[in-house]
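A.B. asks: A structural model of the following input is requested.
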Amino acid sequence: MISSSKTPPAAGGAALAVMFSVVFINLVGFGLVVPLLPFFAQSLKAEAWQITLMFSAYSLGQFFAEPFWGRLSDRIGRKPVLLVTLVANALGYLMLAFAPNIWLAIAVRLFTGLGAGNISTVQGYVADVTPPEKRAGRMGLIGAAFGLGFIVGPGLGGLLTQPQLGHIGYQLPIFVAAALAALAAVGVVVFLRESRAKADPAAPRPAFLSGLKFARDNEVVSRVLVVTLIYMAGFSAMESVFGLWAEDRYAWGAREVGLSFMIVGIVSTLNQGFFAGKLARRFGESRVLAVGMLLFGASLVLQVISPVSWFPATSLELGALSIPIVQGWVIPIVMAFGACGMSLAMPNISAMISRASPPDRQGAMLGLNMASSSVARIFGPMIAGALFSGLGHDWPFLIGALLTIPAAVMAINAGRVIRRQKAAAEAVV
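C.D. replies: The predicted model follows:
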């Protein structure tokens, strides 16, 4: 069995700062590449279904990788796993830049997904160096690093991309992403102290499916994994069809869609960085998670019922001043409302899983949670596409909103189990 390191790095403070920086640098690279992938694929003469396959391949790799890296980090420590995955990221980006055709690019994206499954390891490190009552807040700070990376990355990618140069014009951002991943790996080597001791080599290794059995039998983890599956499926479904939906309803283009998602990133970052932890300490992780699910569901309904036009004209005349009106301007406000709910999900889910798991299984359970998220990101867009084309453009949003109700109920029930177990433990003492 693995024991905790004797001295948590600087009581978690300095270690958290290093981890925040590493996550931010790595996610800037990720956010830098993802928005230009469709255009990069088009430069390889890819068809639309092959472009979407690049995204699915990455999520498929993460699905298998997250539990593996999480379990491995429980055994050998967090630092070596973070180092290996960051190096794999850098190599994956380089291979992508030189991929001669779309099929090799898809294979590279699968490899990069396998190497990028380190989110559970990051969360495990934070759990190692953080007292249980502070985990939701610190998980929120790591979530804020993710959000900042997604805000900075796409903007930087847009500045670096040179489409007039053809295929080579899309390689420069990918080279920068590789350099950022390498820089994050250097940061791990130089600044990060290990938070766990290595396992006894003679200790029996748990079977691969043992983590699934533990998660199924754990009343808290099993419920929380389903919450992750539901809310991430709803978000990925909305994300995948939002551009088509907005184009159909408001005649929006890429600029308006991109600005809307940028607002989502800003609100999520601020909420996770400043409010998620405080709300969890005051009201409890499960209650805050349940409210977050319902807020997200309500935002999906509000998007559907929002009027097509609030004004009969495209500009507001105030004397000599003419103010242009963007039709559908209320949608980014509604999405910001939903982002408040979504940003309450990840830190509280991670905190509840780490609280309900023994130290030597935290990485594995957090890895299963990210695998559940990957499953949602694989199938959510596929189902949304079928609903969008078969039943109507609003149905992906409505079905996603409906599913947040059982997700909220499961979150509340998981909280009741945690409180019951805590009361039982205190009674024994």
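
A.B. asks: rest of the way, CA atoms for contacts and neighbours
C.D. replies: Will do.

A.B. asks: what's the distance between residue 140 and residue 228?
C.D. replies: 16 Å (C-alpha to C-alpha, to the nearest Å).

A.B. asks: and those two? Which one has more around it.
C.D. replies: residue 140 (30 against 23; other C-alpha atoms under 10 Å).

A.B. asks: show me what the host helix or strand of the more buried one is packed against.
C.D. replies: In this structure, residue 140 sits in helix 135-160 according to DSSP states H and E. Applying 3 or more C-alpha pairs under 8 Å, 6 or more residues apart in numbering; DSSP states H and E, one finds that helix 135-160 contacts helix 13-33, helix 119-128, helix 171-191, helix 254-274, helix 276-283, helix 345-356.

A.B. asks: how's the chain carved up into domains?
C.D. replies: Using automatic domain parsing, the domain ranges for the chain come out as 1-195, 209-307+328-429.

A.B. asks: including mean pLDDT, could these go into JSON lines?
C.D. replies: Putting the domains of the chain into JSON lines (pLDDT from 0 to 100) gives the following:
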{"stretch": "domain 1-195", "mean pLDDT": "77"}
{"stretch": "domain 209-307+328-429", "mean pLDDT": "80"}
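
A.B. asks: circling back: of the helices and strands packed on helix 135-160, which is nearest residue 66?
C.D. replies: Closest approach to residue 66 among the helices and strands packed on helix 135-160 (C-alpha to C-alpha): helix 119-128, 6.5 Å.

A.B. asks: so what touches that closest one?
C.D. replies: 4, 8, 12, 16, 19, 66-67, 69-70, 73, 78, 81-82, 135, 138-139, 195-196, 350-351, 354, 359, 362-364, 366-367, 369-370 (C-alpha atoms under 8 Å, 6 or more residues apart in numbering).

A.B. asks: same deal with stretch 381-395?
C.D. replies: Contacts for stretch 381-395 (C-alpha under 8 Å, 6+ apart): 233, 236, 237, 238, 239, 240, 241, 245, 304, 396.

A.B. asks: of these, buried ones?
C.D. replies: Buried members of the contacts of stretch 381-395, counted by 16 or more other C-alpha atoms under 10 Å: 233, 236, 237, 238, 239, 240, 241, 245, 304, 396.

A.B. asks: for the second one, give me its contacts.
C.D. replies: With C-alpha under 8 Å, 6+ apart as the criterion, the residues that contact residue 236 are 376, 377, 380, 381.

A.B. asks: now swap in the third one and tell me
C.D. replies: With contacts defined as C-alpha under 8 Å, 6+ apart, the neighbours of residue 237 are 377, 380, 381, 382, 383, 384, 385, 396, 397, 400.

A.B. asks: quick check: the gap between it and residue 132.
C.D. replies: 33 Å.

A.B. asks: same question, residue 98
C.D. replies: 45 Å.

A.B. asks: same check, this time on residue 239
C.D. replies: Taking C-alpha to C-alpha, one finds residue 239 at 33 Å from residue 132.

A.B. asks: that older thread, and the helix holding residue 140, which residues are buried?
C.D. replies: Result for helix 135-160 [16+ other C-alpha under 10 Å]: buried residues 135-157, 160.

A.B. asks: what's around residue 373, how many residues?
C.D. replies: So residue 373, with other C-alpha under 10 Å, has 25 neighbours.

A.B. asks: again, but for residue 333
C.D. replies: Neighbours of residue 333 using other C-alpha under 10 Å come to 16.

A.B. asks: need the residues that contact the helix or strand it falls within.
C.D. replies: If you go by DSSP H and E, residue 333 is part of helix 330-343. Outside helix 330-343, the residues that touch it by C-alpha under 8 Å, 6+ apart are 143, 260-261, 263-265, 267-269, 271-272, 276, 291-300, 302-303, 306.

A.B. asks: give me the angle between that helix and helix 345-356.
C.D. replies: Angle of helix 330-343 versus helix 345-356, following axes from the mean of the first three to the mean of the last three C-alpha atoms, to 10 degrees, is 10 degrees.

A.B. asks: tilt between helix 330-343 and helix 254-274?
C.D. replies: Comparing the axes of helix 330-343 and helix 254-274 via the same axes, to 10 degrees yields an angle of 30 degrees.

A.B. asks: report the inter-axis angle for helix 330-343 versus helix 276-283.
C.D. replies: 60 degrees.

A.B. asks: does anything pack onto the host helix or strand of residue 68? Which helices or strands?
C.D. replies: Using DSSP H and E, residue 68 sits within helix 48-76. Helix 48-76 sits against helix 37-43, helix 78-97, helix 102-115, helix 119-128, helix 362-390, with contacts defined as 3+ C-alpha pairs under 8 Å, 6+ apart.
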